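Trainee: When you get a sec, could you give me coordinates for this:
(2 chains)
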Amino acid sequence: MRPLAQSETFMTVAAPLAVGVLAVALWEIACRAFNVPIFLLPKPSDIAATLASDWLTLLAALGMTLRIALQAFFAAIVIGTLIAFLFVQSRAIEMSFFPYAVLLQVTPIVAIAPLIIILVKNTQVALTVCATVVALFPIISNTTLGLRSVDPGLVNLFRMSRAGRMQTLWRLRIPSALPYFFGGLRISSGLALIGAVVAEFVAGTGGRSAGLAYEILQSGFQLDIPRMFAALFLITLAGVGLFTIMVGLSKLALGAWHESEVGADA
Amino acid sequence: MTKRFPNSTQALAPVDLDVRDGEFVTLLGPSGCGKTTLLNLIAGLTTPSSGTIEWWGGSFADADVAERKLGFVFQAPTLMPWARVDANVRLPLDLAHVDRTSAEQGVAHALALVGLSEFARHFPRELSGGMQMRASIARALVTSPNLLLMDEPFGALDEFTRNRLDADLVRLWWERKLTTVFVTHSIYEAVFLSTRVIVMGAQPGRICKVMAIDEPHPRDESFRNSPRFAEHCRALSALLTEVSVEQMRS
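Mentor: Prediction:
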């Protein structure tokens, strides 16, 4: 058996973990040594204590934010994929509509969120719409690129075999697009969460949906800084969790054949 | 027939080529002489700017679909990376809605012909370049084509692999009475494989000379090492020089 330190999998987990533990320990020591007041920078132990005492409300808030993020993510996948399929049908469609898709990407969500929140009565739906707008573009652009990135030799082969439009789509275009599509999912999952949090911030405390952003705002008003950090920690955790799930899905779908995944376990 | 690209480059000057049943015709010439264009025209991948292609006496459109079974091997293996070798070879049958049982039999047979039976369940990336090319040939043979078109299939392979694949190909052609049109820029390959070599020239692409390789079949490695082989190569090389000198003058 090889020593643990030489194992690739062990190192990919252990090395960043060690850095994290070290950073948290330094933080704790520094806070204690310099007597930093808790309302400026709480110690990790303070944050942990808050997590332990307020876990019920914080988890409920996390659930709310995750729900909006996931709804938006799925909406973005469905809408984005449909738009991508539409785009590859003809260059004319893509040329006419792609600039507007870009518009969607470059408009800051904080600028249009108030508008959406006014227009859409239901706060939940409004927040989901905001997050969807943020998460949509990577799916559209990546899936469109993927559906177009087909080996021209294989296209010729399909033509020579008199393959129908649907056959070409199912057997050639969709599998060719998968690596790009999963790349889009990775970016988009994180963006959906960011979109959800940003929309919650804009909606402010007026809305009845008490997500993590609401918790952060509330804690700010109450100068409950450890609680702010605890909420922030949960948002980060949710983002990393979503990303990890996307990486796992991608590995499941492409692991056997695609270069990006094949190299990883070598 | 002629071929002119949309950007008005004349890819092919008037070309008249007749391929007979059971022939192994090689298109030989420098790059840019329209070999691939001519092959794509035969495959129906592009349409001629003028003139016609006749398939077993009919036009491309009305030739009986069942009659016009083509096998095409590209410069690259062009396998689907997400599908295992057997699924790759089965593709033309799947696209033609052949039922699964007879398709699998066809695939097993085609893989046996190219010596890849053991690798049916592998992914293309797990095979060497030569083996990928064999899989590509198996896919072209699986429909039992009555015309096999090959576009510099072994151009990217090392010489040892290429020689072995050439020997296998010429044996398959002989055993299965395959009519083949083969594109190459290797004189040795052309002499080894062909019954007839078409020497093409560039700008615009056209047929310059035709040379028959009148040697018995089936050919194997002993032919490659025979003085007759060397003689054919020298003659063909001289023809090519003649063509390029003519080109320089005009």
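
Trainee: Please tell me I have it right and B:D151 contacts B:G71.
Mentor: No: B:D151 is beyond contact range of B:G71, at 11.7 Å (criterion: Cβ atoms under 8 Å). For glycine as for every other residue, the C-beta is placed from the backbone atoms N, C-alpha and C.

Trainee: Those two: who's more crowded?
Mentor: Between B:D151 and B:G71, counted using other Cβ atoms under 10 Å in any protein chain shown, B:G71 has the larger neighbour count: 24 against 21.

Trainee: what sits against that one?
Mentor: Under the criterion of Cβ atoms under 8 Å, 6 or more residues apart in numbering or on different chains, the neighbours of B:G71 are B:A140, B:L141, B:T143, B:P145, B:L147, B:L148, B:L149.

Trainee: tell me which element the closest residue to the second one other than its chain neighbours falls in.
Mentor: In this case it means B:L141. The shortest distance from B:L141 to any non-neighbouring residue, by Cβ to Cβ, 6 or more residues apart in numbering or on different chains, is to B:A110 (5.0 Å). Here B:A110 sits within helix B:100-113, counting by DSSP states H and E.

Trainee: returning to that earlier point: just the contacts of B:G71: which are in strands?
Mentor: Cross-referencing the contacts of B:G71 against strands under DSSP state E gives B:L147, B:L148, B:L149.

Trainee: burial of A:A48, as a residue count?
Mentor: By other Cβ under 10 Å, the residues close to A:A48 number 17.

Trainee: Let's verify it: helix, strand, or coil?
Mentor: Using DSSP: H, G, I helix; E, B strand; the rest coil as the criterion, the local structure at A:A48 reads helix.

Trainee: cool, and the one 4 residues further on?
Mentor: Put simply, A:A52 is helix when judged by three-state DSSP.

Trainee: Tell me the confidence at it?
Mentor: Turning to A:A52, the model gives it a pLDDT of 92.

Trainee: one step back: closest to chain A among the contacts of B:G71?
Mentor: Distances from chain A to the contacts of B:G71, taken as Cβ to the nearest Cβ, are shortest for B:T143 (8.3 Å).

Trainee: tell me the contacts of that closest one?
Mentor: Counting by Cβ under 8 Å, 6+ apart, B:T143 touches B:K69, B:G71, B:P92, B:L93, B:A96, B:G106.

Trainee: same thing but 7 Å
Mentor: Each residue near B:T143 by Cβ atoms under 7 Å, 6 or more residues apart in numbering or on different chains is listed here: B:K69, B:G71, B:P92, B:L93.

Trainee: which regions of chain B sit below the pLDDT cut-off?
Mentor: Within chain B, the segments meeting pLDDT under 70 span B:1-11, B:55-68, B:250.

Trainee: Look up how far B:T195 lies from the closest residue to chain A within it.
Mentor: Residue nearest to chain A within chain B: B:T78 (3.5 Å; Cβ to the nearest Cβ). Applying Cβ to Cβ, to the nearest Å, the value for B:T78 to B:T195 is 27 Å.

Trainee: Give me the more crowded residue out of these two.
Mentor: Between B:T78 and B:T195, counted using other Cβ under 10 Å, B:T78 has the larger neighbour count: 20 against 17.

Trainee: So in terms of bridging, what pairs with the most centrally placed residue in chain B?
Mentor: Residue closest to the mean C-alpha point of chain B, counted by Cα atoms, centre = their mean, is B:M150 at 1.9 Å. Assessed by DSSP bridges, B:M150 has beta-bridge partners B:V73, B:F182.

Trainee: A:L58 touches A:F229, doesn't it?
Mentor: No: between A:L58 and A:F229 there is no contact under Cβ atoms under 7 Å: 11.2 Å.

Trainee: returning to that earlier point: Three-state assignment for the residue of chain B closest to chain A, please.
Mentor: Look at B:T78: counting by three-state DSSP, its state is coil.

Trainee: Find the helix or strand that residue 231 is a member of.
Mentor: Looking at chain A here, since you left the chain open. Using DSSP H and E, A:A231 falls within helix A:225-254.

Trainee: switch to chain B, that's the one I care about
Mentor: Element membership of B:E231 [criterion: DSSP H and E] is helix B:227-249.

Trainee: Return the set of buried residues in that helix.
Mentor: B:F229, B:H232, B:C233, B:L236, B:L239, B:L240, B:V243 (16 or more other Cβ atoms under 10 Å in any protein chain shown).

Trainee: what's the answer for stretch B:160-175, then?
Mentor: For stretch B:160-175, burial by neighbour count (16+ other Cβ under 10 Å) applies to B:T161, B:R162, B:N163, B:R164, B:L165, B:D166, B:A167, B:L169, B:V170, B:L172, B:W173.

Trainee: Show the backbone phi and psi for the fifth one.
Mentor: The one in question is B:L165. Note on B:L165: its backbone torsions stand at phi -70, psi -40 [degrees, to the nearest 10].

Trainee: so it sits right up against B:Q132, yeah?
Mentor: No: B:L165 is not in contact with B:Q132 according to Cβ under 7 Å; the separation is 11.2 Å.

Trainee: before we move on, the earlier item: who wins for neighbours among the contacts of B:T143?
Mentor: In the contacts of B:T143, the most neighbours by other Cβ under 10 Å go to B:P92, 27 neighbours.

Trainee: of the buried residues of stretch B:160-175, closest to B:V85?
Mentor: In terms of Cβ to Cβ, no member of these lies closer to B:V85 than B:L165, at 16.3 Å.

Trainee: still on that earlier bit, run through the neighbouring helices and strands of the helix holding B:E231.
Mentor: In terms of contacts (3 or more Cβ pairs under 7 Å, 6 or more residues apart in numbering or on different chains; DSSP states H and E), helix B:227-249 is packed against helix B:187-193, strand B:196-201, strand B:206-212.

Trainee: Contacts for the last one next, please.
Mentor: Contacts of strand B:206-212 from elsewhere in the structure, counted by Cβ under 7 Å, 6+ apart, are B:12-13, B:15, B:17, B:195-201, B:235-236, B:239, B:243.

Trainee: what angle do that strand and strand B:196-201 make?
Mentor: Relative orientation of strand B:206-212 versus strand B:196-201 (axes from the mean of the first three to the mean of the last three Cα atoms, to 10 degrees): 150 degrees.

Trainee: What strands line up against strand B:206-212, and which way round?
Mentor: Applying DSSP bridges, strand B:206-212 is found paired with strand B:196-201 (antiparallel).

Trainee: buried stuff in whatever helix or strand A:Q124 lives in?
Mentor: Using DSSP H and E, A:Q124 maps to helix A:123-148. Going by neighbour count (16+ other Cβ under 10 Å), the buried part of helix A:123-148 is A:123, A:126-147.

Trainee: The stretch 51-200 of chain A against chain B: which residues are in contact?
Mentor: Neighbours of chain B within the stretch 51-200 of chain A, by Cβ under 7 Å from any Cβ of the partner chain: A:D151, A:G153, A:L154, A:N156, A:L157, A:F158, A:R159, A:M160, A:S161, A:A163, A:Q167, A:P175.
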